[in-house]
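model the following, please.
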Amino acid sequence: MKIEKVPEYELSSDTKAKLQQLLAACFPEYLSDRIYYKQYPHFRYLGWNHDNLVAQMGVEHRVISLGKDPVRVFGIVDLCVNPDYRNKGFARELTLPVKNC
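Reported below is the predicted structural model:
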């Protein structure tokens with residue numbers, strides 16, 4: 001699997017269409033006219049098997065309070081793998097860049 005990190009604003013229309021198909025296959029309750037649930041992630045890790053988008057992980061950047069101090073955090077959203085590609089380690093591969101930060 002080839003993994004690509006893409007800022008949300010750089011997604012091509014073709015990639016958005018493939019992303020919407022993947023999200024619909026993994027999350028049936030997803031709205032069919034968008035590629036996010038509550039808000040757009042800041043960037044995504046996309047997992048490709050040739051020209052097929054088989055996995056994705058959105059990453060959101062937030063600032064939260066820890067006591068009186070603001071703390072910057074990243075959160076994983078909408079991590080999913082196409083049902084035909086599950087149990088092959090694709091989700092683990094997507095999360096490796098985050099673990100190495």
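
for the lengthiest strand in the chain, C-alpha coordinates in CSV please.
Assignment by DSSP state E gives strand 52-66 as the longest strand of the chain. What follows is strand 52-66, C-alpha atoms only, in CSV (Å, rounded to 0.1, in the frame of the first residue of the first chain):
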residue,chain,number,x,y,z
ASN,A,52,-7.8,2.2,-5.6
LEU,A,53,-8.2,4.2,-2.5
VAL,A,54,-8.5,1.4,0.1
ALA,A,55,-7.9,3.3,3.4
GLN,A,56,-8.0,6.7,4.9
MET,A,57,-7.3,8.5,8.2
GLY,A,58,-8.3,12.1,8.8
VAL,A,59,-6.3,14.2,11.3
GLU,A,60,-7.7,17.2,13.1
HIS,A,61,-5.6,19.8,14.9
ARG,A,62,-7.1,21.3,18.1
VAL,A,63,-6.1,23.4,21.1
ILE,A,64,-7.5,22.2,24.4
SER,A,65,-7.0,23.5,28.0
LEU,A,66,-4.9,21.5,30.4
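
can you list the strands that it pairs with?
Within its sheet, strand 52-66 is paired with strand 43-49 (antiparallel), strand 69-81 (antiparallel), according to DSSP bridges.

now do it, average pLDDT.
The average pLDDT for strand 52-66 rounds to 94.

give me the below-cutoff pLDDT ranges for this protein.
Within the chain, the stretches with pLDDT under 70 are 31, 97-101.

show residues contacting the lengthiest helix in it.
Longest helix in the chain by number of residues, with DSSP state H as the criterion: helix 13-26. Contacts to helix 13-26, defined as C-beta atoms under 8 Å, 6 or more residues apart in numbering, come from residues 6, 11, 30, 32, 34-35, 44, 46, 52-56, 78, 80-83. The way it works is simple: take the backbone N, C-alpha and C, and place the C-beta from them, glycine included.
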